[in-house]
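*Asks:* Provide a 3D model corresponding to the input given below.
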Amino acid sequence: MDKHTLIDSAYAAMEKSYSPYSHFKVGAALVAEDGSIYTGCNIENASYGAAICAERTAMVKAVSEGHTSFKCIAIVSSSREKTLPCGICRQFLSEFASEDAVVIMHDINEGIIEMPFSKIYPEPFSKDSIK
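*Replies:* Numbering: from 1, shown residues only. Now for the predicted structure:
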C-alpha cells in the first residue's frame, strides 16, 4: 500500500469523526497482514470514558472481521501535526502488532513520518506478563 494513499484513507476516515466535545478529529487507516485496510475515527461520548479512539476503532473493525495482526497504521488529526497514538491505543495495538509493524503519521510541516511501532511502545504489557 502506498503511504500517500494510506494517509488519504486516514484523512477520509477523520472526516467521519464524532468529536463535539474536544473538536479534535482523528482518523486511522490500518493495514492487516493480508493487505486488507480498515479505517476508523474517534467517537466521543458525553461520558468521556466511553469514547473510543480512531486507532482502536480501526483495530476493532479488523479483529471483528477475523484479522488479528497488522503491519501498518496511518494516523492523522485535525491539528495537521504529527499525532501519536495515546497510551491505551499503544497497549491495545501492541496485542495485534506484527513484529515489524509501522506507524505512519502526517505533519503539515514535516510531511510523512514513519516510525516502527516497537519504538513508539518498546515494552508493552503482554501475554508473557501474565505468567
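
*Asks:* quick check: closest non-adjacent residue to the spatially most central residue of the chain.
*Replies:* Nearest to the geometric centre of the chain sits E55, at 2.9 Å (CA atoms, centre = their mean). Take E55 and drop its neighbours on the chain: the residue closest to it by CB to CB, 6 or more residues apart in numbering is C89, 4.3 Å away. (Glycine included, C-beta is placed from N, CA and C.)

*Asks:* quick revisit: whichever helix or strand the residue nearest to the centre of the chain is part of packs against which elements?
*Replies:* E55 is part of helix 54-64 when elements are defined by DSSP states H and E. The contact analysis (3 or more CB pairs under 8 Å, 6 or more residues apart in numbering; DSSP states H and E) places helix 54-64 against helix 3-14, strand 26-32, strand 37-41, strand 70-77, helix 87-94.

*Asks:* point out the most buried one among those.
*Replies:* Most buried of the helices and strands packed on helix 54-64, by mean neighbour count (mean count of other CB atoms under 10 Å): strand 26-32, with a mean of 27.

*Asks:* pull the CA atoms of that one into CSV?
*Replies:* Provided in CSV are the C-alpha atoms of strand 26-32 (Å, rounded to 0.1, in the frame of the first residue of the first chain):
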residue,chain,number,x,y,z
VAL,A,26,-8.6,11.8,14.4
GLY,A,27,-8.5,9.3,11.6
ALA,A,28,-6.7,6.0,11.2
ALA,A,29,-6.1,3.5,8.4
LEU,A,30,-4.8,0.1,9.4
VAL,A,31,-3.3,-2.5,7.0
ALA,A,32,-3.8,-6.1,8.1
